[in-house]
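Visitor: Using only what follows, build the 3D model:
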Amino acid sequence: MRRSLTNFGIGAREAWGLTKPYFISEERWSALGLLAAVIALNLLQVFLLVVLNYWNRDFFNAIQAMDRHSLFALLLTYQRVPGFPGFMPNLIALNVVLVVDYVYATYLMQMLQIRWRRWMTKDMVKNWLSDKAYYRISLANQQGSIIDNPDQRIAEDIRDFTFNSIYLGTTFLGNMVNAFTFAFVLYAVSGPLTLLGITIPGYMFWVAVLYCIFGTVLTHLIGRRLIPFSFQMQKLEANFRYNLVRVRDNLEGIALYAGEDGEQLSLLERFEAVRANFWLIMRRTKILNFFTYSYGQTANIFPLIVALPRYLSGAIGFGGLTQIQDAFSNFQGSLSWIINVYSDSTTNQDLVNLRATVARLHGFKEAVAAARVASLTGPQLTQEGAALTFDNLTLSLPDGRKLIENQSLTLPAGEPVLLTGPSGAGKSTLFRAIAGIWPFGSGTISRPAGTALFLPQKPYFPLGSLKRAVAYPALENAVTDDAVRAALRAAELPLLADRLTDIENWGQNLSGGEQQRLAIARALLTKPDWLFLDEATSALDAPTATRIHQALLDHLPGTTIIAITHRDVSVTPTRHFGLTDGALEKIK
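Guide: A predicted model of the protein is given here:
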């Protein structure tokens with residue numbers, strides 16, 4: 001039990017750490033206003049339920065007394081009732097106000113949920129994409145980090161957290177106010193009970209309290225095992241989904257290798273992990289449902305049985321009996337809030353899923369913060385001077401093995417450079433370090449303050465039109481159609497020049513060579529001050545690669561081109577360096 005309370009305290013602190021930023025953000029007044037409105041409507045609903053409780057008492061008493069006047073008034077008009085302040089409204093008015101209250105409480109709650117989700121998504125995406133945190137987290141994942149599937153954490157976990165937090169928070173507050181209100185009603189209407197010579201005033205109130213304490217404690221003892229199961233289920237479902245996406249994005253490669261059997265085995269292995277974990281949830285939920293359903297069913301008849309002796313003795317009328325049952329039901333139901341929302345597999349709006357979601361989001365937030373701090377470690381990138389300079393540069397792999405050690409070099413602007421070397425020598429790692437995204441190593445890289453463009457061996461194309469793919473990372477409207485067509489023709493892609501508005505998955509629909517030439521067109525369009533190519537023409541035959549390199553030199557006279565490749569090209573650069581055994585050596 002002590003461990004459970006400790007975990008609850010940790011979960012509460014983590015949840016508050018995720019909640020607080022929104023309610024002190026630039027949207028705090030609208031957020032707090034919506035929250036206050038939702039709370040006010042929930043409190044109004046509690047008040048209306050109290051009125052309805054007294055209405056039920058008077059209505060059934062009128063039935064028992066065959067009082068036609070009171071029945072008509074309670075149904076259609078209003079009347080004064082002894083013991084109730086003011087006028088008792090009719091049933092139609094009560095139901096109309098209850099319906100309107102419920103509709104707008106739900107509507108405003110959903111408005112707050114989606115606004116919070118929008119703000120939290122923007123904040124999380126911004127932090128994830130800042131300082132290359134997303135890239136550093138991916139490197140950490142390769143070393144066995146538990147921060148997996150960031151897409152799920154942003155898309156699904158934020159949704160579940162915001163929706164569940166508001167739903168559970170408002171229902172908790174409403175239930176506690178409801179319990180407090182009906183506690184007085186139940187205490188007043190249940191009267192005293194003498195047992196073994198001891199008179200217990202408001203005895204139904206104490207019975208309800210003991211009943212709820214017993215149910216809450218037992219529910220937690222039975223259901224607490226569901227929390228780690230739910231956490232694991234979210235992870236396993238995301239892994240299965242990720243594997244499916246991998247198959248979808250690599251259809252041609254799988255088909256060429258005839259790798260269907262291996263992919264099927266991999267998919268079914270991941271689904272088997274989902275199934276096995278789901279069975280654990282099923283078994284524990286079955287035990288929990290046995291108790292909670294029995295608890296709920298007993299609560300329906302239990303107050304009538306306990307209050308029946310006072311009714312049979314004539315101490316209360318039939319309306320009083322129904323009022324006690326209704327008051328007990330409201331009081332007990334409100335105090336049983338934890339039991340009712342502990343685990344709900346039909347809606348997932350429960351404490352088990354909320355705790356698992358909080359843990360995943362908190363872990364992701366901490367990982368993003370750590371990754372952004374890590375940007376201060378490793379090789380330091382500065383933007384100053386007029387040359388590309390390496391000062392005591394050391395680059396390592398995540399396991400500590402050094403690829404480049406204590407190298408110092410200056411590459412002036414305006415002179416194209418070719419860097420060659422065998423596979424695994426560290427050329428691509430150097431490319432990443434110059435881009436400022438490699439965190440392992442030491443030393444300083446100084447890059448001129450002008451614009452720079454990096455083209456990797458496998459280009460990236462965003463979803464959307466061909467024009468957007470060529471213009472990236474600039475926006476489509478930042479370049480003209482004529483400029484894009486000219487760049488495509490210069491990159492030897494004339495057939496694509498008239499397809500600028502076509503929307504396709506360009507990373508799949510083009511061959512490897514076409515993708516690399518499309519990336520070259522991007523460079524021709526952007527005209528950066530510095531252009532870094534990492535095997536950017538490796539999918540092209542030697543004559544085509546030579547023509548492409550020459551086109552870059554011809555169309556970008558003001559650009560310094562650094563080409564990293566494992567083969568030479570016939571276009572002779574001013575400088576040629578080789579990378580072997582951790583050293584940069586000038587060849588010519």
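Visitor: Now do stretch 390-410: distance to the chain's middle.
Guide: How far stretch 390-410 lies from its chain's middle: 37 Å, per C-alpha atoms, centre = their mean, to the nearest Å.
Visitor: Endpoint to endpoint, that stretch covers what distance?
Guide: End-to-end distance for stretch 390-410, by C-alpha to C-alpha, to the nearest Å: 6 Å.
Visitor: pLDDT below threshold where in the stretch 151-300 of the chain?
Guide: Applying pLDDT under 70 to the stretch 151-300 of the chain flags the ranges 251-253, 256-257.
Visitor: the helices in it, which residues?
Guide: 158-190, 203-223, 226-249, 251-257, 260-312 (DSSP state H, counting those that start in this stretch).
Visitor: got a list of contacts for the third one?
Guide: Read it as helix 226-249. 7, 148-149, 151-152, 156-157, 254, 263, 266-267, 270-271, 273-274, 277-278, 280-281, 284-285, 288, 343, 352-353, 355-357, 359-360, 508 (C-beta atoms under 8 Å, 6 or more residues apart in numbering). Yep, even glycine has a C-beta here, placed from its N, CA and C like the rest.
Visitor: Please type out the PyMOL selection for whichever of the residues you listed turn out to be buried.
Guide: Per 16 or more other C-beta atoms under 10 Å, the buried members of the contacts of helix 226-249 correspond to this PyMOL selection:
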select buried, resi 148+149+152+156+157+263+270+271+273+274+277+278+281+284+285+288+343+352+353+355+356+357+359+360
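Visitor: now the helices of the stretch 151-300 of the chain in JSON lines, with distance to residue 91?
Guide: Shown next, in JSON lines, are the helices of the stretch 151-300 of the chain (distance: least, C-beta to C-beta, whole Å):
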{"stretch": "helix 158-190", "distance to residue 91": "19"}
{"stretch": "helix 203-223", "distance to residue 91": "26"}
{"stretch": "helix 226-249", "distance to residue 91": "41"}
{"stretch": "helix 251-257", "distance to residue 91": "63"}
{"stretch": "helix 260-312", "distance to residue 91": "23"}
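Visitor: Please identify the most buried of those.
Guide: Comparing those by mean neighbour count (mean count of other C-beta atoms under 10 Å), helix 158-190 comes out on top with a mean of 20.
Visitor: chain center to that helix, what's the gap?
Guide: 26 Å.
Visitor: What helix or strand is residue 94 located in?
Guide: helix 91-129 (DSSP states H and E).
Visitor: Name the residues of that helix that are buried.
Guide: With burial defined by 16+ other C-beta under 10 Å, the residues of helix 91-129 counted as buried are 94, 97-98, 101, 105, 108-109, 112-113, 115-117, 119-120, 124, 127-128.
Visitor: Same question for residue 536, what's its three-state structure.
Guide: Here residue 536 is coil, with the state taken from DSSP: H, G, I helix; E, B strand; the rest coil.
Visitor: Any chance of the backbone angles for it?
Guide: The phi/psi pair for residue 536 (degrees, to the nearest 10) reads phi -70, psi -10.
Visitor: Residue 485 versus that one, what's the distance?
Guide: Distance of residue 536 to residue 485, given as C-beta to C-beta, to the nearest Å: 21 Å.
Visitor: Counting neighbours, go ahead and name the busier of the two.
Guide: Counted by other C-beta atoms under 10 Å, residue 536 and residue 485 do not tie: residue 536 has more neighbours, with 28 against 20.
Visitor: just the strands in the stretch 451-588 of the chain please.
Guide: With DSSP state E, counting those that start in this stretch, the ranges of strands along the stretch 451-588 of the chain come out as 452-455, 464-465, 503-504, 530-534, 560-564, 575-580, 583-586.
Visitor: Let's have those in TSV, adding mean neighbour count.
Guide: As requested, the strands of the stretch 451-588 of the chain are exported to TSV (neighbours: other C-beta atoms under 10 Å):
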stretch	mean neighbour count
strand 452-455	20
strand 464-465	16
strand 503-504	14
strand 530-534	24
strand 560-564	23
strand 575-580	17
strand 583-586	13
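Visitor: Those strands: which one's closest to residue 25?
Guide: When the strands of the stretch 451-588 of the chain are compared by C-beta to C-beta, strand 464-465 sits nearest residue 25, at 30.5 Å.
Visitor: and that closest one, average pLDDT?
Guide: On average, the pLDDT along strand 464-465 is 86.
Visitor: Please list the residues outside it that contact it.
Guide: 476, 500, 501, 502, 503.
Visitor: Next, format the residues you listed as JSON lines and append pLDDT.
Guide: Output for the contacts of strand 464-465, formatted as JSON lines (pLDDT from 0 to 100):
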{"residue": "476", "pLDDT": "84"}
{"residue": "500", "pLDDT": "88"}
{"residue": "501", "pLDDT": "89"}
{"residue": "502", "pLDDT": "88"}
{"residue": "503", "pLDDT": "86"}
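Visitor: Kindly list the main-chain dihedrals of residue 409?
Guide: Taking degrees, to the nearest 10 as the convention, residue 409 sits at phi -160, psi 150.
Visitor: nope, residue 479 is what I meant
Guide: Per degrees, to the nearest 10, the backbone of residue 479 is at phi -130, psi 160.
Visitor: Would you confirm that it contacts residue 471?
Guide: Yes - with contact defined as C-beta atoms under 8 Å, residue 479 and residue 471 form a contacting pair (4.9 Å).
Visitor: okay, and the common contacts of those two?
Guide: Contacts common to residue 479 and residue 471, judged by C-beta under 8 Å, 6+ apart, are residue 525.
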